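Engineer: Sequence first, then the predicted structure, then my questions.
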Amino acid sequence: MLIQKNKTAKASVNRSLWFRLISYSVVWTLFALILGGYLLSLTFKETIENNFDVRLNSLLENLIGVSDSISEGEITFYRSMADSRFEQPYSGWYWQISAEDEESFRSRSLWDQKLDSDLDTPASQTRFSRAIGPEDQKLRRAERDITLPGDDKTVYRFIIAIDRSEIDEQLDRFDNILIYSLGALGLGLIAASLLQVFLGLKPLRNIRQSLARIRTGVDAHLPDDFPMEIQPLADEMNALLDHNNQIVERSRTQVGNLAHALKTPLAVLMNESERHPGQLSRVVSKQANIMRRQVDHYLRRARVAASTRVITSRTEVWTALNDICRVMAKIHRDKHFTMMPTGGDVFFRGERQDLEEMVGNLIENAAKWADSKVIVSCQRKGEHILIQVVDDGPGIDRQVREAVFIRGERLDENTPGTGLGLSIVKDLTGLYGGEIVLMDNEPHGLLVRLTLPAAATNS
């Protein structure tokens with residue numbers, strides 16, 4: 001039953017208009033922000049990498065431009081590369097000129113290292129790629145095949161490589177700024193959605209309040225100042241109220257006419273019975289009086305409109321349990337009954353006689369099977385009360401525990417009883433939306449756990 005209530009509560013949440021609107025808004029906002037953030041990050045990354053490639057290509061063109069010709073097995077330069085980082089060892093800025101079966105010419109920054117060069121794959125146009133450089137640096141490189149004056153037969157591979165850490169830092173910084181910015185924007189949009197839904201559904205809350213005023217008799221109709229999207233609903237409800245009032249009034253009129261039509265024949269019967277005394281007249285007079293009282297009773301009920309207020313029953317659990325244990329101790333003098341303290345007042349949301357019926361059956365059943373003692377405890381757990389009855393008897397096998405709740409089922413025919421006790425407890429517990437569970441008690445015996453709805457502590 002508790003599981004069914006949880007399912008019902010979950011289904012109620014899923015049917016909530018407020019929940020739907022907020023869910024759709026949050027999902028769409030997150031989707032749009034994530035997609036937009038991804039596209040912005042991708043665009044920024046492409047822009048940064050394109051600018052970096054342009055820079056690499058410019059440096060490659062510069063390297064090719066300053067290279068003059070082959071002289072005595074070495075490449076001569078008009079001037080050195082403009083950036084001093086090409087002279088600093090392992091600075092992350094490198095150039096290299098390679099040829100098949102020849103020693104590579106490389107920048108001073110490479111020191112004793114050299115860049116891998118796949119000379120078998122031609123690079124007639126500038127080609128960009130990633131590579132691992134000295135000290136595991138992540139490099140972005142540009143390379144192109146060039147022939148130099150003085151050696152038209154040898155194809156040289158010109159390579160410029162720069163550490164990517166510079167652009168990676170820019171990308172990480174941009175992504176962090178983007179995440180924080182879009183996160184703040186997302187929170188703002190969700191807050192705006194909450195406010196929008198709250199204000200947008202306010203007229204529906206006003207309808208509920210107006211219906212409550214109608215139900216209590218304060219107003220007769222819904223007001224006519226709702227927004228134009230909701231006013232037609234209010235008009236239809238007012239029309240329904242008017243129609244219902246007409247039906248009720250017509251029914252009252254018909255009941256009154258029926259009562260008036262019956263009163264006259266009843267009066268004639270009573271007069272005639274008085275005029276002709278005897279056994280038959282006494283019977284007629286008696287039955288006529290009964291009919292008149294019934295007519296007057298139902299006529300008053302039809303004419304009086306009263307508001308009924310439902311008051312939930314409330315029972316103090318500790319007092320009821322204590323009374324039951326006191327009675328059981330007198331019946332089963334050979335058993336010891338113990339009441340565990342509750343730690344505070346606990347109230348059951350229901351009738352005392354129903355609580356005594358449920359717990360009484362459990363305690364009586366425990367007393368019949370216990371070897372020497374029965375322990376009863378009670379505590380509040382949120383919106384429920386938890387009553388436990390423990391005995392030190394033989395217990396019940398797990399395979400047959402469900403069978404004890406079947407009406408008339410008895411596991412031991414030699415023990416007095418009708419087999420209805422636990423079945424009654426099961427039925428009453430279900431009506432109150434509670435739960436009863438049979439468990440093993442250590443080291444032996446049975447523990448019965450009864451869960452019931454709790455009432456407020458204060459009256």
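Structural biologist: Received it, and whenever you're ready, just let me know what you need.

Engineer: Note down every partner strand of the lengthiest strand in the chain and its orientation.
Structural biologist: The longest strand of the chain (DSSP state E) is strand 151-163. With DSSP bridges as the test, strand 151-163 is paired with strand 93-99 (antiparallel), strand 138-148 (antiparallel).

Engineer: From the chain's centroid, how far away is whichever helix or strand comes after that strand?
Structural biologist: Note on strand 151-163: by DSSP states H and E, the next helix or strand toward the C-terminus is helix 165-200. From the chain centre to the centre of helix 165-200 is a distance of 24 Å (Cα atoms, centre = their mean, to the nearest Å).

Engineer: Pull out the buried residues from the helix or strand following helix 165-200.
Structural biologist: Remark: after helix 165-200, the chain's next helix or strand is helix 202-215, criterion DSSP H and E. The neighbour-count check on helix 202-215 (16 or more other Cβ atoms under 10 Å) flags 203, 206, 207, 210, 214 as buried. Placement of C-beta: from N, CA and C, glycine included.

Engineer: Outside of stretch 81-95 itself, list whatever touches it.
Structural biologist: Residues outside stretch 81-95 that contact it (Cβ atoms under 8 Å, 6 or more residues apart in numbering): 59, 62-63, 66, 80, 106-111, 113, 115, 133-135, 137, 139, 158-163, 165.

Engineer: Would you mind writing the PyMOL command to select the buried ones in the residues you listed?
Structural biologist: Remark: buried members of the contacts of stretch 81-95, expressed as a PyMOL selection using 16+ other Cβ under 10 Å:
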select buried, resi 59+62+63+106+107+109+110+115+133+134+137+139+158+159+160+161+162+163
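
Engineer: where do the helices sit along the stretch 351-459 of the chain?
Structural biologist: Under the criterion DSSP state H, counting those that start in this stretch, helices of the stretch 351-459 of the chain are mapped to 352-369, 421-431.

Engineer: quick one, which of these is packed in tightest?
Structural biologist: Among these, helix 352-369 has the highest mean neighbour count (mean count of other Cβ atoms under 10 Å), at a mean of 20.

Engineer: pLDDT of it, averaged?
Structural biologist: Averaging pLDDT along helix 352-369 yields 85.

Engineer: before we move on, what about stretch 57-69?
Structural biologist: Stretch 57-69 carries an average pLDDT of 82.

Engineer: Next: stretch 288-301.
Structural biologist: Across stretch 288-301, pLDDT averages out at 64.

Engineer: So for residue 292, which of the helices of the stretch 351-459 of the chain sits nearest?
Structural biologist: With Cβ to Cβ as the criterion, residue 292 lies closest to helix 352-369 of the helices of the stretch 351-459 of the chain, at 36.4 Å.

Engineer: just to revisit the earlier point, reformat the strands paired with strand 151-163 as CSV; add distance to residue 383 and mean pLDDT.
Structural biologist: Shown next, in CSV, are these (distance: least, Cβ to Cβ, whole Å; pLDDT from 0 to 100):
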stretch, distance to residue 383, mean pLDDT
strand 93-99, 71, 87
strand 138-148, 60, 87
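
Engineer: quick one: which of the ones you listed is nearest residue 375?
Structural biologist: strand 138-148 (71.1 Å).

Engineer: in that closest one, what's buried?
Structural biologist: 139, 140, 141, 142, 143, 144, 145, 148.

Engineer: so where's the stretch 1-150 of the chain shaky on pLDDT?
Structural biologist: Judged by pLDDT under 70, the stretch 1-150 of the chain has its weakly predicted residues at 1-15, 69-74, 150.

Engineer: 80 instead?
Structural biologist: Along the stretch 1-150 of the chain, the model assigns pLDDT under 80 to residues 1-17, 67-83, 101-103, 120, 148-150.

Engineer: Tell me how far residue 370 lies from residue 23.
Structural biologist: Look at residue 370 and residue 23: by Cβ to Cβ, to the nearest Å, they are 53 Å apart.

Engineer: Tell me where the protein has strands.
Structural biologist: For the chain, the strands defined by DSSP E occupy 67-71, 74-77, 93-99, 105-106, 127-132, 138-148, 151-163, 315-316, 336-339, 347-348, 373-381, 384-391, 435-440, 446-453.

Engineer: tell me what the fourth one is packed against?
Structural biologist: What it means is strand 105-106. Applying 3 or more Cβ pairs under 8 Å, 6 or more residues apart in numbering; DSSP states H and E, we find strand 105-106 packed against strand 93-99.

Engineer: Which of the buried residues of strand 138-148 sits closest to residue 122?
Structural biologist: Using Cβ to Cβ, residue 145 comes nearest to residue 122 of those, at 6.0 Å.

Engineer: my guess is that closest one meets residue 124, correct?
Structural biologist: Yes - using Cβ atoms under 8 Å, residue 145 is in contact with residue 124, at 6.0 Å.

Engineer: In space, what's closest to residue 37 - neighbours in sequence excluded?
Structural biologist: Spatially, and ignoring its direct neighbours in sequence, residue 37 is nearest to residue 182 (4.9 Å; Cβ to Cβ, 6 or more residues apart in numbering).

Engineer: re earlier: how about the strands paired with strand 151-163 in CSV, adding distance to residue 47?
Structural biologist: Formatted as CSV, these follow (distance: least, Cβ to Cβ, whole Å):
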stretch, distance to residue 47
strand 93-99, 22
strand 138-148, 15
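
Engineer: circling back to that earlier point, possible to save the strands of the chain as CSV with distance to residue 236?
Structural biologist: Converted to CSV, the strands of the chain look like this (distance: least, Cβ to Cβ, whole Å):
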stretch, distance to residue 236
strand 67-71, 89
strand 74-77, 91
strand 93-99, 79
strand 105-106, 87
strand 127-132, 69
strand 138-148, 70
strand 151-163, 73
strand 315-316, 44
strand 336-339, 59
strand 347-348, 43
strand 373-381, 45
strand 384-391, 41
strand 435-440, 42
strand 446-453, 37
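
Engineer: between those strands, which gets nearest to residue 404?
Structural biologist: Taking those one by one with Cβ to Cβ, strand 435-440 is closest: 7.5 Å.

Engineer: Partner strands of the closest one and their direction?
Structural biologist: strand 446-453 (antiparallel).

Engineer: Could you check the strand it pairs with and say which residues are buried?
Structural biologist: For strand 446-453, the neighbour count (16+ other Cβ under 10 Å) marks 446, 447, 448, 450, 451, 452 as buried.

Engineer: now, which of those sits nearest residue 319?
Structural biologist: Nearest to residue 319 among the buried residues of strand 446-453 is residue 452, at 15.4 Å by Cβ to Cβ.

Engineer: pLDDT value on the closest one, please?
Structural biologist: Note on residue 452: pLDDT of 90.

Engineer: distance of it from residue 281?
Structural biologist: Here the criterion is Cβ to Cβ. By it, residue 452 lies 58 Å from residue 281.

Engineer: How about residue 174: what's its closest non-neighbour residue?
Structural biologist: In this structure, residue 174 finds its nearest non-sequential neighbour in residue 44, 5.3 Å apart by Cβ to Cβ, 6+ apart.

Engineer: Now for the one you found, how many residues are close by?
Structural biologist: 15 (other Cβ atoms under 10 Å).

Engineer: Can you tell me how far it is from residue 168?
Structural biologist: Here residue 44 is placed at a distance of 13 Å from residue 168 (Cβ to Cβ).
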